[in-house]
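Q: all I have is the shape, not the residue letters:
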C-alpha cells in the first residue's frame, strides 16, 4: 500500500501531463473549427514543454542562477558550485526557444486562418470542404 | 469521427501512461537528464563565461548555434506572415473625419483623397471615439514598458530575462500603442520598412558576430576571440559577446512580433485594425 | 514546491484547457487560452524555471492572446463546436 502511494506521488505529475497532451491531441483530431484546432496544437505543445521542464527539476535545488557570483567569476577565489544545488538549465534553454518559436508559428497559422476566412467566409472545416467540392 | 478520435487518443494516452512507469521519479536529482552534460554547465559555466545566469550562458554561448537558427525561424515566420497577408493596393473606400466639427466624409470607390493634417484625419470604418483615459494612461505607460524591456535585455546575464523576453516586451509596447490609439498611428511611428529592416538587422547582428569571431581567428561564434578588439579579458569578453547576440535576438523578436500583429490585425492592409 | 499547490495549479490548467476547447465562442477561447498560459507560467515558476516562466508570461499570456484576439477580430467569433 505504502509502495503504491509512493509510486503515485512520484508519478502523478507525468500522468497529468499526459492527460493534458491528450486533450490537445483530441482537439486537433475532432474539432471542426480551424482556430480550435490551433488551440489544441498549442495545448499539445505546452504540455510537452511542461514535461521537458519537469525533467530538469531537482528536489531541494534552487533556480539556475549562481548565488554570490559577483567578484568570483574571474580572478578572485573560486566559488564552490555543486551540480546538485542548481536545477538543470539545459531543458530550460531548449524550451525557452521552443516557446518563442511556438508563438511565431501560431502567428503564421493565424495568418493562414485569416486568409482562409477571406476566401471562404468560414473557419469550419466541413463548410470549407463543401465549398471546395462545389467548384 | 468523435468516437474514432477518442479511440486514438485513449490508445496513445494508455501507451504513454504505461511508459510513464519507466520514467525517473519526479524531482529526482539523479535522473538521466541531469547526469551527463548539465553538471558541466552548472559547475564550469561561471568560471568559463563569467555569467551567473546559467540559462543565458547555455543559451547564448554553449548552444548559440542553435539559438541563431531559432532566431532565423522567427524571422522566417514574420516573413511568411507578410507574404501571406500583405496587400499593397490601397482601399478605395475611405473615411475622413473633419476634426473641428466631427463631420465624417465617406469616399466610395474614388481615387480622390483629402490632405490629412490638422483639419482632416483618416479613420477606420468601424471607428470608436477616442477614450481620453486609455490614451493618456497608455502614453504614460509605454516609455516605462520600453525601458523595462531594455533592462530585461541588458540584465539577462544576471537575472531572469534575455533577448527573447525583452524583445517580446518591447514588441508588445508597440502593440499597446496600436491598440490604445489606432493602427495608423503605430504604423506611422514605426514604418513597415523600418520593421522589415529591424527584422533583418537582428539576425544579421547575430550571424555577423559569429563571422567576426571567424575573422579574428576563432571558430564561428567563439566569443573569446573578441578579446583582440575589446579591452577585456577573454572570460569577460564572452559575457560581452553574449550581450551582443542577445541584443540581436531582441531586435529581431521585437520587429517580428510587431510585424505579425500589424499584418493580422489589419488583414495585410496596414491601415485600419484592432 | 509544495505538492498541494502543484496539484491545484495542474488541475486548474487542465480545466482551463478543457474549457478553452469546448466553449462555443472564439473570443472566450482566446481569453481562456490566456488564462491557461498564465497558469502554466505559475507552474513553471514553481518548478524553478524562472526564465521559461518569464518567457511564457510575456509570450504565451501576452502576445499570443493579442494575436488571437486580432485574428478573431479579422475573422469571426462563430464556432460550431
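A: Sure thing, it's come through. Being a predicted model, the structure only gives us computed values, none of them experimental.
Q: hmm, the helix or strand hosting residue B:169 in reach of chain A?
A: Using DSSP states H and E, residue B:169 falls within helix B:163-180. Yes. Under the criterion of CB under 8 Å from any CB of the partner chain, chain A is reached by helix B:163-180 at B:164, B:168. To be clear about C-beta, it is placed using only N, CA and C from the backbone, and glycine gets the same treatment.
Q: which elements pack onto that helix?
A: On a contact count with 3 or more CB pairs under 8 Å, 6 or more residues apart in numbering or on different chains; DSSP states H and E, helix B:163-180 meets helix A:89-120, helix B:132-154, helix B:183-189, helix B:234-265, helix C:50-55, helix C:64-74.
Q: contacts for the shortest one, please.
A: Residues lying outside helix C:50-55 but in contact with it, judged by CB atoms under 8 Å, 6 or more residues apart in numbering or on different chains, are A:49, A:53, A:63, A:65, A:92, A:95-96, A:99-100, B:53, B:55-56, B:160-162, B:164-165, B:168, C:41-42, C:44-45.
Q: any idea how far the most centrally placed residue in chain A is from residue C:56?
A: When CA atoms, centre = their mean is applied to chain A, the residue found nearest the centroid is residue A:46 (2.2 Å). Relative to residue C:56, residue A:46 is positioned 8 Å away (CB to CB, to the nearest Å).
Q: number of nearby residues for residue B:2?
A: 10 (other CB atoms under 10 Å in any protein chain shown).
Q: chain neighbours aside, what residue packs nearest to it?
A: In space, not counting the residues next to it along the chain, residue B:2 is nearest to residue A:30; the distance is 5.5 Å by CB to CB, 6 or more residues apart in numbering or on different chains.
Q: would stretch A:125-135 count as contacting chain B?
A: No. Stretch A:125-135 is not in contact with chain B by CB under 8 Å from any CB; minimum separation 10.0 Å.
Q: pull the distance from that stretch to the chain's centre.
A: 33 Å (CA atoms, centre = their mean, to the nearest Å).
Q: any low-confidence regions in chain A?
A: A:70-79, A:135 (pLDDT under 70).
Q: in contact with the single nearest residue of the stretch 101-250 of chain B relative to chain C, which residues?
A: Chain C sits closest to residue B:160 of the stretch 101-250 of chain B, with a gap of 4.2 Å, by CB to the nearest CB. Each residue near residue B:160 by CB under 8 Å, 6+ apart is listed here: A:65, B:53, B:55, C:50-51, C:53-54.
Q: pick the one among the residues you listed closest to residue B:226.
A: residue B:53 (19.8 Å; CB to CB).
Q: quick one: residues contacting that closest one.
A: Residue B:53 touches A:64-66, B:156-160, B:162, C:51, counting by CB under 8 Å, 6+ apart.
Q: phi, psi of it?
A: Dihedral angles of residue B:53 (phi, psi; degrees, to the nearest 10) stand at phi -80, psi 110.
Q: same check, this time on residue B:96
A: Dihedral angles for residue B:96 - degrees, to the nearest 10 - are phi -120, psi 150.
Q: wait, it sits on residue B:125?
A: No. With contact defined as CB atoms under 8 Å, residue B:96 does not count as touching residue B:125 (11.9 Å).
Q: how many residues are close by the residue lying closest to residue B:236 once chain neighbours are set aside?
A: Nearest residue to residue B:236 in three dimensions, chain neighbours excluded: residue B:50, at 5.5 Å (CB to CB, 6+ apart). Counted with other CB under 10 Å, the neighbours of residue B:50 add up to 24.
Q: relative to residue B:38, how far out is residue B:50?
A: In this structure, residue B:50 and residue B:38 are 19 Å apart, going by CB to CB.
Q: give the contact list for the residue positioned nearest the centre of chain C.
A: When CA atoms, centre = their mean is applied to chain C, the residue found nearest the centroid is residue C:36 (2.2 Å). Residues near residue C:36 by CB under 8 Å, 6+ apart: A:43, A:46, C:13, C:16-17, C:20.
Q: apply 6 Å and report the result again.
A: C:16-17, C:20 (CB atoms under 6 Å, 6 or more residues apart in numbering or on different chains).
Q: and residue B:105, helix, strand or coil?
A: strand (DSSP: H, G, I helix; E, B strand; the rest coil).
Q: who in chain C is up against chain A?
A: For chain C, the residues in contact with chain A (CB under 6 Å from any CB of the partner chain) are C:10, C:14, C:17, C:20-21, C:26, C:33, C:40, C:44, C:47-52, C:55-56, C:59, C:63-64, C:67, C:71, C:74-75, C:79-81.
Q: narrow those to those that are buried.
A: C:10, C:14, C:17, C:20-21, C:26, C:33, C:40, C:44, C:47-52, C:55-56, C:59, C:63-64, C:67, C:71, C:74-75, C:79 (16 or more other CB atoms under 10 Å in any protein chain shown).
Q: report how many residues lie close to the closest residue to residue C:43 other than its chain neighbours.
A: Excluding the flanking residues, the one nearest residue C:43 by CB to CB, 6+ apart is residue C:9, at 5.2 Å. A count of nearby residues for residue C:9, using other CB under 10 Å, gives 17.
Q: please name every helix or strand in contact with the strand or helix carrying residue C:9.
A: Residue C:9 is part of helix C:3-22, with elements assigned from DSSP H and E. Secondary-structure packing of helix C:3-22 (3 or more CB pairs under 6 Å, 6 or more residues apart in numbering or on different chains; DSSP states H and E): helix A:2-30, helix A:34-56, helix C:26-46.
Q: and the angle from the shortest one to helix A:89-120?
A: If I follow you right, that is helix C:26-46. Interaxial angle, helix C:26-46 versus helix A:89-120 (axes from the mean of the first three to the mean of the last three CA atoms, to 10 degrees): 170 degrees.
Q: can you pull the buried residues of helix C:26-46?
A: C:26, C:29-30, C:32-45.
Q: what does chain A put close to chain C?
A: Counting by CB under 6 Å from any CB, chain A sits next to chain C at A:16, A:20, A:23, A:27, A:31-33, A:35, A:39, A:43, A:46, A:53, A:57, A:63, A:87, A:92, A:95-96, A:99-100, A:103, A:106-107, A:110, A:114, A:117, A:123-124.
Q: circling back: where does the residue nearest to residue C:43 land on pLDDT?
A: In this model, residue C:9 is scored at 91, pLDDT.
Q: from chain A, how far off is it?
A: 10 Å (CB to the nearest CB, to the nearest Å).
Q: how close does that residue sit to residue C:47?
A: 10 Å.
Q: swap in residue B:84?
A: Counting by CB to CB - residue B:84 and residue C:47 are separated by 37 Å.
Q: so residue B:56, which state does it fall into?
A: Once three-state DSSP is applied, residue B:56 turns out helix.
Q: so what's it up against?
A: B:156-157, B:162.
Q: overlap in contacts of residue A:46 and residue C:56?
A: In contact with both residue A:46 and residue C:56: residue C:40, using CB under 6 Å, 6+ apart.
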